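Visitor: With the input below, show me the fold.
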Amino acid sequence: MIERLEGIPNIVYRNNGTVRYTERRQVHDDLDSNYPDWANVAGVTKDVAFIRASQGCPYKCKFCTFPKASPKFGQRSVESIRDELRQIRAAGIKNVTFTDDHFATNPRRITEICKMMLEEKFDFNWFAGIRAASIDEDNAKLLQETGCKVLCVGLESGDDRILRLMNKGTSAASNMRCLEILDRHDITAYGSFILGFPGETDETFNNTIDWINSSPLKLYKVFLFYLFPGSVIYDEQEEHHIGFLGAQYDYRLWTTPTMDALKASELLREFIMRVEKAALIYSYSPMYAFFPLLSRGYTMSESLDLLNLKTELVKSELSDSSYFSKRRFRRLKFREIAGLLK
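Guide: Numbers count the residues shown, from 1 in each chain. Sure, this is the predicted structure:
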């Protein structure tokens, strides 16, 4: 088996505890033809299939490494996506995740893919990531009809100044409009946020918390800002007066004139404690929280109830309550969770 792996280019594998890399080789990556033969995995996995509708990202958010790591943006044809989804259905898989950084960059693209899915009468539960500006009332209705359960929206902040500094190309009002449309069409929105981007202050932090609590957002994840090589902001360190808490570069231990990594880490706890309604997702993507539940017959509403109970437990552990109060709270919530489990 190991000998076979050694001859395959562009893979990483572990042999007796040692990580090994095979030869790096340029590959022809034609989006319309390079996708798995799902007939070979029929019966192997029933939980979720991963599919891409595009490659790269056309936007240039300053915190992200995509503009350099994957500068070429391309989209698959709808017919190619149709063919792969047919194979996935034939393999008996019910849950689908579009792995694109942005499933669709404009409303028309969403409409085209959704109409194809309706023509085929696909009955998947599916998840994707989108930009807020791609959502309107018409395509949200189509998304609901096709079985879209969760959409990840890169919200990042509830403060317009921080969004401008990030070069997000959106506004807090536009993001709010997206969440309200999705909520009206019973599609769960999962918002991702970045805490500590250069320019972050106590005021912008409070604006973000207030924005979340005034929104219909049901799920969120908050990431601490990291200064990754390859990001636009990494190349603008001097412009933003970015330094480091140690003697040398460490992507985690940054300082700026308005905040540093230690202050941001302290605010992370406050962020979680102050968000009132949305449930916290621990994993990078909500699909890992939802699809195992959906595969076992839980509804979206029941799944959200479980995630909200878990969030209550997290808040209790982060609180200043006594050990005995936390223990009583854990027992109470565990009983509630047990009552929801099937």
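Visitor: from here on, contacts and neighbour counts on C-alpha atoms
Guide: OK.
Visitor: what's the spacing between residue 24 and residue 228?
Guide: 23 Å (C-alpha to C-alpha, to the nearest Å).
Visitor: what about those two, which has more around it?
Guide: residue 228 (16 against 10; other C-alpha atoms under 10 Å).
Visitor: Spell out which residues sit in contact with the spatially closest residue to that one that is not a sequence neighbour, please.
Guide: Counting by C-alpha to C-alpha, 6 or more residues apart in numbering, residue 251 is the residue found nearest to residue 228 once chain neighbours are left out, at 5.8 Å. The contact partners of residue 251, by C-alpha atoms under 8 Å, 6 or more residues apart in numbering, come to 226, 227, 228.
Visitor: burial count for the second one?
Guide: So that's residue 227. 24.
Visitor: how would you label it: helix, strand or coil?
Guide: Using DSSP: H, G, I helix; E, B strand; the rest coil, the structure places residue 227 in coil.
Visitor: low-scoring pLDDT stretches of the stretch 201-342 of the chain, where are they?
Guide: Across the stretch 201-342 of the chain, the ranges flagged by pLDDT under 70 are 283-287.
Visitor: in it, which spans are helices?
Guide: 202-213, 261-274, 287-295, 300-318, 323-340 (DSSP state H, counting those that start in this stretch).
Visitor: what comes into contact with the first one?
Guide: Spelled out, it's helix 202-213. 157, 158, 159, 162, 195, 271, 274, 275, 276, 277.
Visitor: Near residue 121, how many other residues are there?
Guide: Around residue 121 there are 10 residues (other C-alpha under 10 Å).
Visitor: what's the answer for the one 3 residues further on, then?
Guide: Using other C-alpha under 10 Å, residue 124 is surrounded by 20 other residues.
Visitor: do you know how far the residue nearest to it when sequence neighbours are not counted is from residue 311?
Guide: Computed as C-alpha to C-alpha, 6+ apart, the closest residue to residue 124 that is not its neighbour in sequence is residue 94, at 5.0 Å. In this view, residue 94 and residue 311 are 27 Å apart by C-alpha to C-alpha.
Visitor: For the nearest residue to residue 280 once chain neighbours are set aside, list the residues it contacts.
Guide: Closest residue to residue 280 apart from its sequence neighbours, by C-alpha to C-alpha, 6+ apart: residue 220 at 5.3 Å. Residue 220 makes contact with 190, 191, 192, 193, 278, 279, 280, 281, according to C-alpha under 8 Å, 6+ apart.
Visitor: By neighbour count, which of the residues you listed wins?
Guide: residue 191 (26 neighbours).
Visitor: so is that one in a helix, a strand, or just coil?
Guide: Looking at residue 191 with three-state DSSP, the answer is strand.
Visitor: Tell me the buried residues in stretch 153-171?
Guide: Of the residues in stretch 153-171, those buried by neighbour count under the rule 16 or more other C-alpha atoms under 10 Å are 153-160, 162-163, 165-166, 168, 170-171.
Visitor: roughly how far is it from the heart of the chain?
Guide: 16 Å (C-alpha atoms, centre = their mean, to the nearest Å).
Visitor: mean confidence for it?
Guide: For stretch 153-171, mean pLDDT rounds to 97.
Visitor: what's the first-to-last distance across that stretch?
Guide: 13 Å.
Visitor: Give me the residues contacting that stretch.
Guide: Outside stretch 153-171, the residues that touch it by C-alpha under 8 Å, 6+ apart are 60-63, 129-133, 172, 175, 189-195, 197-200, 204-205, 207-212.
Visitor: Report the contact partners of the residue nearest to residue 124.
Guide: Going by C-alpha under 8 Å, 6+ apart, residue 94 touches 46, 47, 48, 123, 124, 125, 295.
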